[in-house]
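K.L.:
Sequence and predicted structure below; questions after.
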Amino acid sequence: MRSRYLIILLVVILVFAALFAAYKLGYFGKKATLSVYNFGEYVDPSVIEEFEKKYDIKVVYETYSTNEEMLAKMKAGGNAYDVIFPSAYMLEVLIAEGMLSPLDHDKIPNYANIDPMFKGLSCDPEDKYSAPYFWGTVGILYNSDLVDDTVDSWWALHNLKYFGKVIMFDSMRDTIGLTLKMLGYSMNSIDPGEIDQAKEVLIRQKPMVRSYEIDAYKDSLLSGDAVMSMAWSGDAFMIISEHPEFKYVIPKEGTGVWVDYMAIPADSKNKEYAQKFIDFMLSPEIGLKNTLAVGYSTPNDAVKGLLPEATRDNKAAYPDGNVFEGSEFGKDLKEATELYDQAWTEIKSK
């Protein structure tokens, strides 16, 4: 009899141990989680809250500053993200290295809202791994009350008259790439001589640069500590809407059109809700709220149709025709990335 009780007690202990382990692993008793990894200041927090309420799920939200930072974190392991937001050239890298999971478009019906102009691009020609999130340009944002020269060239950022008042991006691809454009080359150049020329120009410019930033340039411009900066188009439109003394220009040498995407890493632990999240973000109502909050151009036709008329008619944000004609699209540089890494290290170390 005693042995029977001991057996029963042992079974009860084992059952409770198994239940506790299942609880700790999140199989029951706790909300499921979705891990989202995005650029900083690149989503309306309220839409994350709405997703959590709709699906009774906890979103663990982390941010990064550059595509390279995101890639390094993913390769280091230890964090299995469910949704990430790579730019086009980084999307190519992730696909080539087998780091993404294909999307199931049957589970993302709102993908149909995407403007055909943003489908079938070179970074994901079959639209197999990604859904466009936002797009835009890089230009120069300046305070017209404090800058009395014509600003129509990337060379304006090298004007010694504004020594210590200029901000450049802390982004290897953008800063080197657009300096290449300034010199008359492709922003995707893999020519060592051209990349070296861009490096030397940026090294000569460095003493007059106030700082290299990704997001903080906005505060420096608004405070007057800086008078001009490389800028993302969405940031520029948001600042100009409240401070009309600021102007945004796309320099005459040209610029790059960028597209950021939503994608699911191959090691995602919650692909089902990752696809629900992407579909949620592509829905007209949520997409509208997010676009108005973030300020960037949407590739979502259903959202664009709901935007205020003044926003839709802003030709800097929504130009007529194909936005990729006459502009460059960032590409995976493959082995030549090392040339950019070396140049950037030299620039930042001077």
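P.N.:
Great, that's in hand.
K.L.:
How confident is the prediction for residue 315, by pLDDT?
P.N.:
The pLDDT attached to residue 315 in the predicted structure is 80.
K.L.:
try residue 329
P.N.:
Residue 329 is assigned a predicted lDDT (pLDDT) of 85.
K.L.:
which parts of stretch 223-240 are buried?
P.N.:
Neighbour-count burial for stretch 223-240, counted by 16 or more other CB atoms under 10 Å, picks out 226-240. Where C-beta positions appear, they are placed from N, C-alpha and C, glycine not excepted.
K.L.:
So which of those are in strands?
P.N.:
When the buried residues of stretch 223-240 are checked against strands (DSSP state E), the matches are 228, 229, 230, 231, 232.
K.L.:
okay, those residues in TSV with pLDDT and distance to residue 164 next?
P.N.:
As requested, these are exported to TSV (pLDDT from 0 to 100; distance: CB to CB, whole Å):
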residue	pLDDT	distance to residue 164
228	98	12
229	98	13
230	98	16
231	96	18
232	91	23
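K.L.:
Spatially, which two of the residues you listed are the most separated?
P.N.:
Between any two of these, the greatest separation by CB to CB is 14.3 Å, found for 228 and 232.
K.L.:
could you measure the residue lying closest to residue 165 once chain neighbours are set aside against residue 243, distance?
P.N.:
Spatially, and ignoring its direct neighbours in sequence, residue 165 is nearest to residue 227 (4.4 Å; CB to CB, 6 or more residues apart in numbering). With distances taken as CB to CB, to the nearest Å, residue 227 is found 13 Å from residue 243.
K.L.:
do the same with residue 300
P.N.:
Taking CB to CB as the measure, residue 300 and residue 243 are separated by 28 Å.
K.L.:
who's more crowded, these two?
P.N.:
Set side by side, residue 300 and residue 243 give different neighbour counts by other CB atoms under 10 Å, the larger being at residue 300 (27 against 12).
K.L.:
OK, contacts around that one?
P.N.:
113, 114, 115, 132, 282, 284, 287, 291 (CB atoms under 8 Å, 6 or more residues apart in numbering).
K.L.:
give me that answer again for 6 Å
P.N.:
By CB atoms under 6 Å, 6 or more residues apart in numbering, the residues touching residue 300 are 113, 287.
K.L.:
Look up which residues are beta-bridged to it.
P.N.:
Taking DSSP bridges, one finds residue 114 as the beta-bridge partners of residue 300.
K.L.:
Next secondary structure element downstream of the helix or strand bottoming out on mean pLDDT in the chain?
P.N.:
With mean pLDDT, DSSP states H and E as the measure, the helix or strand of the chain carrying the lowest mean pLDDT is helix 2-24 (a mean of 59). Note on helix 2-24: by DSSP states H and E, the next helix or strand toward the C-terminus is strand 33-39.
K.L.:
Let me know the angle separating the helix or strand just after that following strand from strand 33-39.
P.N.:
Remark: after strand 33-39, the chain's next helix or strand is helix 45-55, criterion DSSP H and E. With axes from the mean of the first three to the mean of the last three CA atoms, to 10 degrees defining the directions, helix 45-55 sits at 160 degrees from strand 33-39.
K.L.:
Show me what helix 45-55 is in contact with.
P.N.:
Outside of helix 45-55, the residues that reach it under the criterion CB under 6 Å, 6+ apart are 59, 280, 286, 289, 290.
K.L.:
Report the mean per-residue pLDDT for that helix.
P.N.:
98.
K.L.:
In stretch 80-96, which of the residues would be classed as buried?
P.N.:
Within stretch 80-96, the residues that count as buried by 16+ other CB under 10 Å are 81-95.
K.L.:
out of those, which are inside helices?
P.N.:
Among the buried residues of stretch 80-96, the residues falling in helices (DSSP state H) are 88, 89, 90, 91, 92, 93, 94, 95.
K.L.:
show me where the stretch 251-350 of the chain has helices.
P.N.:
Ranges of helices in the stretch 251-350 of the chain, per DSSP state H, counting those that start in this stretch, are 271-281, 284-294, 301-304, 309-312, 337-349.
K.L.:
of all these, which lies closest to residue 183?
P.N.:
Between residue 183 and the helices of the stretch 251-350 of the chain, the shortest separation by CB to CB is 13.2 Å, and it involves helix 337-349.
K.L.:
packing partners for that closest one?
P.N.:
With contacts defined as 3 or more CB pairs under 6 Å, 6 or more residues apart in numbering; DSSP states H and E, helix 337-349 has these neighbours: helix 172-182, helix 192-205.
K.L.:
quick one: low-confidence parts of this structure?
P.N.:
Applying pLDDT under 70 to the chain flags the ranges 1-30, 326.
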